[in-house]
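Undergrad: Structure for this input, please:
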Amino acid sequence: MARALNLTGAQQASIQAIRERHRPDLVVQRDTVRRAQAALRAALQDPDTSEAQLRVLHDKASSARFELLLVGRALRQEVQAVLTPEQRAKAAEWRATAQAHRRERVRHFRMALGMND
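TA: Okay, here's the model as predicted:
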């Protein structure tokens, strides 16, 4: 990304510092999401799990995912502040292209599984 956006050395150093500062929160939140999702999946497989318990586990997993989203958002906002308007525009184009590629991969995967919409 540094090369594609033509980042200066100062910008690269600043972005690296931002990433390092957010890394511990990201690691903790990713682990929290994994554990919450695993607990929900296990409970879904257990026929003795009540609907109320499933709702609580779902809410925990959803909350964990949202907290991870917020941590990622904070990181992106700090990085965006380091970029010039032109670099922000180019980064937005790059993200849109990457998102389109992800959607296409999901579509192909769903088709391979016979899950056509």
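Undergrad: all contacts plus neighbour counts: C-alpha atoms, from now on.
TA: Fine.
Undergrad: How is this structure partitioned into domains?
TA: The record's domain parsing of the chain by automatic domain parsing lists 2-83, 85-117.
Undergrad: ok, and which of the ones you listed has the densest surroundings?
TA: Highest mean neighbour count among those (mean count of other Cα atoms under 10 Å): domain 2-83, with a mean of 15.
Undergrad: hey, least reliable of the domains of the chain by pLDDT?
TA: Per-segment mean pLDDT for the domains of the chain reaches its minimum on domain 85-117, at a mean of 89.
Undergrad: Distance from the chain centre to it, please.
TA: Put simply, domain 85-117 sits 14 Å off its chain's centre (Cα atoms, centre = their mean, to the nearest Å).
Undergrad: same deal with stretch 33-41?
TA: Centre-to-centre, stretch 33-41 and its host chain are 16 Å apart (Cα atoms, centre = their mean).
Undergrad: Provide the contact partners of it at residue level.
TA: Where contact means Cα atoms under 8 Å, 6 or more residues apart in numbering, the residues beyond stretch 33-41 that reach it are L54, L57, H58, K60, A61, A64, R65, L68.
Undergrad: For that stretch, list the C-alpha coordinates in CSV.
TA: The C-alpha coordinates for stretch 33-41 follow below in CSV (Å, rounded to 0.1, in the frame of the first residue of the first chain):
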residue,chain,number,x,y,z
VAL,A,33,-14.7,-12.6,18.7
ARG,A,34,-13.3,-16.0,18.0
ARG,A,35,-14.2,-17.2,21.5
ALA,A,36,-17.7,-15.8,21.4
GLN,A,37,-18.4,-17.3,18.0
ALA,A,38,-17.0,-20.7,19.0
ALA,A,39,-19.3,-20.6,22.1
LEU,A,40,-22.3,-19.8,20.0
ARG,A,41,-21.5,-22.5,17.4
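Undergrad: Going forward, the N-terminal residue is numbered 543.
TA: Got it, first residue is 543 now, which makes that one stretch 575-583.
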